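Enquirer: dropping a prediction and its sequence here:
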Amino acid sequence: MPTLLITGANRGLGLEFARQYAADGWKVIATVRNPQRADDLRKVPGDIRIEQLDVADLDAIRAFAERIDEPIDHLICNAGVMGKYSEVDPDSWAYTLRVNAIAPTILAQALVDRVAPGGKVVAITSKMGSIADNESGGGIIYRSSKAALNAAWRSLAIDWRGRDLSVAMLHPGWVQTAMGGPSAPTPAEESVAGLRRVIAGLTRERSGSFLDFQGKVIPW
Ligand code: NDP
(Lines give C-alpha, C1' and ligand atoms only; values in the text may rest on other atoms or scores of the structure.)
Protein backbone atom coordinates (compact mmCIF):
# COMPACT_ATOMS: atom_id res chain seq x y z
CA MET A 1 0.00 0.00 0.00
CA PRO A 2 1.14 3.60 -0.52
CA THR A 3 2.72 5.65 2.22
CA LEU A 4 1.73 9.07 3.55
CA LEU A 5 4.08 11.18 5.66
CA ILE A 6 2.29 14.02 7.45
CA THR A 7 3.35 16.59 10.05
CA GLY A 8 1.21 17.86 12.92
CA ALA A 9 -0.95 14.72 12.94
CA ASN A 10 -2.11 14.70 16.57
CA ARG A 11 -5.11 17.00 16.10
CA GLY A 12 -7.06 19.12 13.64
CA LEU A 13 -6.57 18.59 9.93
CA GLY A 14 -3.46 16.45 10.40
CA LEU A 15 -5.35 13.96 12.57
CA GLU A 16 -8.16 13.82 10.02
CA PHE A 17 -5.71 13.22 7.16
CA ALA A 18 -4.15 10.35 9.14
CA ARG A 19 -7.60 8.91 9.86
CA GLN A 20 -8.83 9.03 6.26
CA TYR A 21 -5.69 7.69 4.57
CA ALA A 22 -5.29 4.95 7.20
CA ALA A 23 -8.95 3.97 6.68
CA ASP A 24 -8.14 3.50 3.00
CA GLY A 25 -5.31 1.12 3.92
CA TRP A 26 -2.41 3.53 3.49
CA LYS A 27 0.67 3.28 5.66
CA VAL A 28 0.86 6.56 7.61
CA ILE A 29 4.01 8.05 9.10
CA ALA A 30 2.44 10.60 11.44
CA THR A 31 4.72 13.15 13.04
CA VAL A 32 3.75 14.95 16.23
CA ARG A 33 5.53 17.57 18.30
CA ASN A 34 4.69 15.80 21.56
CA PRO A 35 3.81 12.06 21.50
CA GLN A 36 2.31 12.45 24.99
CA ARG A 37 -0.42 14.59 23.40
CA ALA A 38 -1.19 12.07 20.65
CA ASP A 39 -3.90 10.01 22.36
CA ASP A 40 -6.48 10.71 19.64
CA LEU A 41 -4.01 9.65 16.97
CA ARG A 42 -3.16 6.47 18.86
CA LYS A 43 -6.85 5.50 18.80
CA VAL A 44 -7.02 5.70 14.99
CA PRO A 45 -7.18 2.21 13.50
CA GLY A 46 -4.73 1.24 10.78
CA ASP A 47 -1.04 1.17 9.92
CA ILE A 48 0.12 4.36 11.67
CA ARG A 49 3.66 4.94 12.89
CA ILE A 50 3.99 7.90 15.24
CA GLU A 51 7.26 9.85 15.09
CA GLN A 52 8.28 12.76 17.27
CA LEU A 53 9.15 15.92 15.31
CA ASP A 54 9.06 19.53 16.44
CA VAL A 55 9.19 21.27 13.07
CA ALA A 56 10.54 24.44 14.67
CA ASP A 57 13.79 22.50 15.19
CA LEU A 58 15.39 22.55 11.75
CA ASP A 59 18.24 20.22 12.75
CA ALA A 60 15.65 17.73 14.01
CA ILE A 61 13.91 17.93 10.61
CA ARG A 62 17.13 17.04 8.82
CA ALA A 63 17.91 14.18 11.25
CA PHE A 64 14.35 12.87 10.93
CA ALA A 65 14.52 12.92 7.13
CA GLU A 66 17.76 10.94 7.18
CA ARG A 67 16.01 8.18 9.13
CA ILE A 68 13.29 7.82 6.47
CA ASP A 69 14.42 5.12 4.09
CA GLU A 70 11.14 4.03 2.52
CA PRO A 71 9.43 5.59 -0.54
CA ILE A 72 6.93 8.31 0.32
CA ASP A 73 3.91 8.57 -1.99
CA HIS A 74 2.37 11.64 -0.40
CA LEU A 75 4.23 14.16 1.77
CA ILE A 76 1.83 16.59 3.44
CA CYS A 77 3.44 19.45 5.36
CA ASN A 78 0.48 20.36 7.54
CA ALA A 79 1.80 21.57 10.92
CA GLY A 80 1.21 25.28 11.36
CA VAL A 81 0.66 28.07 13.85
CA MET A 82 -1.28 31.32 13.74
CA GLY A 83 1.16 33.57 15.61
CA LYS A 84 -0.03 36.75 17.28
CA TYR A 85 -2.91 38.07 15.22
CA SER A 86 -3.32 41.74 16.00
CA GLU A 87 0.17 42.65 17.14
CA VAL A 88 3.34 42.66 15.05
CA ASP A 89 5.47 41.00 17.70
CA PRO A 90 8.91 40.28 16.16
CA ASP A 91 9.51 37.06 18.12
CA SER A 92 6.10 35.68 17.22
CA TRP A 93 6.70 36.70 13.59
CA ALA A 94 10.08 34.94 13.44
CA TYR A 95 8.70 31.78 15.08
CA THR A 96 5.64 31.70 12.81
CA LEU A 97 7.80 32.11 9.70
CA ARG A 98 9.98 29.26 10.92
CA VAL A 99 7.10 26.85 11.54
CA ASN A 100 4.87 27.83 8.60
CA ALA A 101 7.39 28.58 5.86
CA ILE A 102 10.97 27.54 6.63
CA ALA A 103 10.19 24.15 8.22
CA PRO A 104 8.00 22.76 5.42
CA THR A 105 10.50 23.92 2.82
CA ILE A 106 13.44 22.29 4.63
CA LEU A 107 11.44 19.09 5.19
CA ALA A 108 10.37 18.87 1.54
CA GLN A 109 13.92 19.46 0.35
CA ALA A 110 15.28 16.89 2.79
CA LEU A 111 12.77 14.24 1.68
CA VAL A 112 12.48 14.88 -2.05
CA ASP A 113 14.79 12.01 -2.93
CA ARG A 114 12.51 9.68 -0.97
CA VAL A 115 9.39 10.69 -2.90
CA ALA A 116 8.10 7.76 -4.95
CA PRO A 117 7.57 8.08 -8.72
CA GLY A 118 4.35 10.00 -9.32
CA GLY A 119 4.41 11.24 -5.72
CA LYS A 120 2.65 14.32 -4.39
CA VAL A 121 4.36 16.96 -2.27
CA VAL A 122 1.82 19.19 -0.56
CA ALA A 123 1.95 22.22 1.71
CA ILE A 124 -1.16 23.12 3.67
CA THR A 125 -1.14 26.86 3.16
CA SER A 126 -3.94 29.39 3.50
CA LYS A 127 -5.92 31.77 1.34
CA MET A 128 -4.74 34.32 3.89
CA GLY A 129 -1.35 34.00 2.20
CA SER A 130 -2.84 35.37 -1.01
CA ILE A 131 -1.79 38.98 -1.51
CA ALA A 132 -4.32 39.41 -4.34
CA ASP A 133 -7.16 38.20 -2.09
CA ASN A 134 -6.29 40.40 0.88
CA GLU A 135 -9.02 43.03 1.07
CA SER A 136 -9.49 43.00 4.85
CA GLY A 137 -5.96 43.52 6.23
CA GLY A 138 -4.79 42.36 9.65
CA GLY A 139 -3.12 39.05 10.46
CA ILE A 140 0.26 40.36 9.28
CA ILE A 141 2.26 37.57 10.89
CA TYR A 142 0.16 34.67 9.64
CA ARG A 143 -0.49 36.16 6.20
CA SER A 144 3.17 36.86 5.54
CA SER A 145 4.21 33.39 6.73
CA LYS A 146 1.84 31.70 4.29
CA ALA A 147 2.81 34.10 1.47
CA ALA A 148 6.45 33.15 2.12
CA LEU A 149 5.49 29.47 2.07
CA ASN A 150 3.74 29.95 -1.27
CA ALA A 151 6.69 31.79 -2.79
CA ALA A 152 9.16 29.15 -1.60
CA TRP A 153 7.05 26.22 -2.78
CA ARG A 154 6.37 27.79 -6.17
CA SER A 155 10.16 27.73 -6.61
CA LEU A 156 10.36 24.13 -5.38
CA ALA A 157 7.77 23.15 -7.99
CA ILE A 158 9.78 24.83 -10.74
CA ASP A 159 13.13 23.53 -9.51
CA TRP A 160 11.70 19.97 -9.44
CA ARG A 161 10.13 20.03 -12.91
CA GLY A 162 12.52 17.31 -14.05
CA ARG A 163 11.35 14.95 -11.30
CA ASP A 164 8.40 12.56 -11.50
CA LEU A 165 6.35 14.29 -8.80
CA SER A 166 3.90 17.15 -8.40
CA VAL A 167 3.83 19.95 -5.86
CA ALA A 168 0.81 21.88 -4.59
CA MET A 169 -0.05 24.55 -2.07
CA LEU A 170 -3.52 23.81 -0.75
CA HIS A 171 -5.98 25.93 1.22
CA PRO A 172 -8.24 23.74 3.39
CA GLY A 173 -11.09 26.24 3.65
CA TRP A 174 -12.09 27.76 6.97
CA VAL A 175 -12.23 24.61 9.06
CA GLN A 176 -13.56 23.63 12.50
CA THR A 177 -10.27 22.97 14.31
CA ALA A 178 -8.52 24.67 17.22
CA MET A 179 -7.08 27.13 14.71
CA GLY A 180 -10.26 27.66 12.71
CA GLY A 181 -12.52 27.86 15.78
CA PRO A 182 -16.09 26.65 16.27
CA SER A 183 -17.66 29.26 13.94
CA ALA A 184 -15.82 27.86 10.92
CA PRO A 185 -18.28 26.59 8.32
CA THR A 186 -16.39 23.49 7.20
CA PRO A 187 -15.98 20.31 9.26
CA ALA A 188 -12.48 18.76 9.13
CA GLU A 189 -13.90 15.57 7.53
CA GLU A 190 -15.27 17.56 4.57
CA SER A 191 -12.14 19.67 4.13
CA VAL A 192 -9.83 16.65 4.17
CA ALA A 193 -12.08 14.62 1.86
CA GLY A 194 -11.92 17.54 -0.61
CA LEU A 195 -8.17 18.00 -0.20
CA ARG A 196 -7.60 14.28 -0.81
CA ARG A 197 -9.58 14.51 -4.07
CA VAL A 198 -7.49 17.51 -5.13
CA ILE A 199 -4.25 15.72 -4.22
CA ALA A 200 -5.30 12.59 -6.12
CA GLY A 201 -5.98 14.73 -9.19
CA LEU A 202 -2.67 16.64 -9.15
CA THR A 203 -0.61 16.30 -12.30
CA ARG A 204 2.93 17.29 -13.17
CA GLU A 205 1.51 19.77 -15.69
CA ARG A 206 -0.26 21.65 -12.87
CA SER A 207 2.59 21.30 -10.38
CA GLY A 208 3.08 24.52 -8.40
CA SER A 209 -0.62 25.42 -8.20
CA PHE A 210 -2.30 27.24 -5.31
CA LEU A 211 -5.72 25.57 -4.92
CA ASP A 212 -8.49 25.32 -2.37
CA PHE A 213 -10.06 22.13 -1.03
CA GLN A 214 -12.58 22.17 -3.86
CA GLY A 215 -9.86 22.43 -6.50
CA LYS A 216 -10.44 26.13 -7.28
CA VAL A 217 -7.38 28.17 -8.23
CA ILE A 218 -6.54 30.91 -5.70
CA PRO A 219 -4.84 34.05 -7.03
CA TRP A 220 -1.36 34.67 -5.64
P1 NDP B 1 -4.61 23.11 14.70
O2 NDP B 1 -4.19 24.28 15.51
O3 NDP B 1 -5.82 22.35 15.03
O4 NDP B 1 -3.39 22.05 14.58
C5 NDP B 1 -2.11 22.51 14.30
C6 NDP B 1 -1.20 21.30 14.25
O7 NDP B 1 0.13 21.77 13.96
C8 NDP B 1 -1.12 20.54 15.59
O9 NDP B 1 -0.96 19.17 15.35
C10 NDP B 1 0.13 21.14 16.21
O11 NDP B 1 0.76 20.30 17.15
C12 NDP B 1 0.99 21.24 14.96
N13 NDP B 1 2.15 22.08 15.22
C14 NDP B 1 2.18 23.40 15.51
N15 NDP B 1 3.46 23.79 15.74
C16 NDP B 1 4.22 22.68 15.59
C17 NDP B 1 5.60 22.42 15.73
N18 NDP B 1 6.47 23.38 16.06
N19 NDP B 1 6.06 21.17 15.48
C20 NDP B 1 5.20 20.19 15.14
N21 NDP B 1 3.87 20.36 15.04
C22 NDP B 1 3.40 21.60 15.26
O23 NDP B 1 -4.71 23.70 13.21
P24 NDP B 1 -5.35 23.12 11.87
O25 NDP B 1 -5.41 21.65 11.91
O26 NDP B 1 -6.54 23.91 11.57
O27 NDP B 1 -4.22 23.59 10.84
C28 NDP B 1 -3.48 22.70 10.01
C29 NDP B 1 -2.90 23.51 8.87
O30 NDP B 1 -3.97 24.10 8.12
C31 NDP B 1 -2.02 24.67 9.32
O32 NDP B 1 -0.90 24.77 8.46
C33 NDP B 1 -2.92 25.89 9.17
O34 NDP B 1 -2.20 27.07 8.96
C35 NDP B 1 -3.74 25.48 7.96
N36 NDP B 1 -5.01 26.20 7.80
C37 NDP B 1 -6.03 26.00 8.68
C38 NDP B 1 -7.23 26.67 8.50
C39 NDP B 1 -8.41 26.47 9.39
O40 NDP B 1 -9.45 27.14 9.17
N41 NDP B 1 -8.37 25.59 10.36
C42 NDP B 1 -7.41 27.61 7.38
C43 NDP B 1 -6.27 27.73 6.52
C44 NDP B 1 -5.12 27.03 6.73
P45 NDP B 1 0.60 20.56 18.77
O46 NDP B 1 -0.66 19.84 19.17
O47 NDP B 1 1.84 19.97 19.35
O48 NDP B 1 0.49 22.05 18.97
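Expert: Cool, got the structure.
Enquirer: the helices in this structure, which residues?
Expert: Listed in chain order, the helices of the chain (DSSP state H) span residues 12-23, 39-42, 58-67, 90-97, 103-111, 140-159, 188-200.
Enquirer: figure out which of those is closest to the ligand.
Expert: Minimum separation from the ligand across the helices of the chain (C-beta to the nearest ligand atom) falls at helix 12-23, 2.3 Å. For the C-beta atoms, the positions are set from N, CA and C on the backbone; glycine is no exception.
Enquirer: what comes up buried for that closest one?
Expert: Of all the residues in helix 12-23, those buried under the rule 16 or more other C-beta atoms under 10 Å are 12, 13, 14, 15, 16, 17, 18, 19, 20, 21, 22.
Enquirer: how far is it from where the chain is centred?
Expert: Chain-centre distance of helix 12-23: 12 Å, with C-alpha atoms, centre = their mean, to the nearest Å.
Enquirer: other residues contacting it?
Expert: Contact with helix 12-23 is made by 4, 6-9, 28, 30, 40-41, 44-48, 74, 76, 78-79, 124, 172, 175, 177-179, 188-189, 191-193, 195-196, as judged by C-beta atoms under 8 Å, 6 or more residues apart in numbering.
Enquirer: and the ligand, which of the residues you listed contact it?
Expert: When C-beta under 6 Å from any ligand atom is applied, the members of these adjacent to the ligand are 7, 8, 78, 79, 124, 172, 175, 177, 178, 179.
Enquirer: separate out the buried members of the residues you listed.
Expert: Judged by neighbour count, with 16+ other C-beta under 10 Å as the criterion, the buried members of those are 7, 8, 78, 79, 124, 172, 175, 177, 179.
Enquirer: quick check: longest strand in the protein by residues?
Expert: With DSSP state E setting the assignment, residue counts place strand 115-124 as the longest strand in the chain.
Enquirer: who in the protein is up against the ligand?
Expert: Proximity of the chain to the ligand is assessed by C-beta under 6 Å from any ligand atom, with 7-8, 10-14, 33-34, 37, 54-56, 78-81, 99, 124, 126, 171-172, 174-175, 177-180, 184 identified as the residues in range.
Enquirer: could you rerun that using 5 Å?
Expert: 8, 10-14, 33, 54-56, 79-81, 99, 124, 126, 174-175, 177-180 (C-beta under 5 Å from any ligand atom).
Enquirer: count of residues packed around residue 185?
Expert: Under the neighbour criterion other C-beta atoms under 10 Å, residue 185 is assigned a count of 10.
Enquirer: what's near enough to touch it?
Expert: 173, 174.
Enquirer: could you check the pLDDT of it?
Expert: Model confidence at residue 185, given as pLDDT, is 98.
Enquirer: likewise for the one 10 residues further on?
Expert: Residue 195 carries a pLDDT score of 98 in this model.
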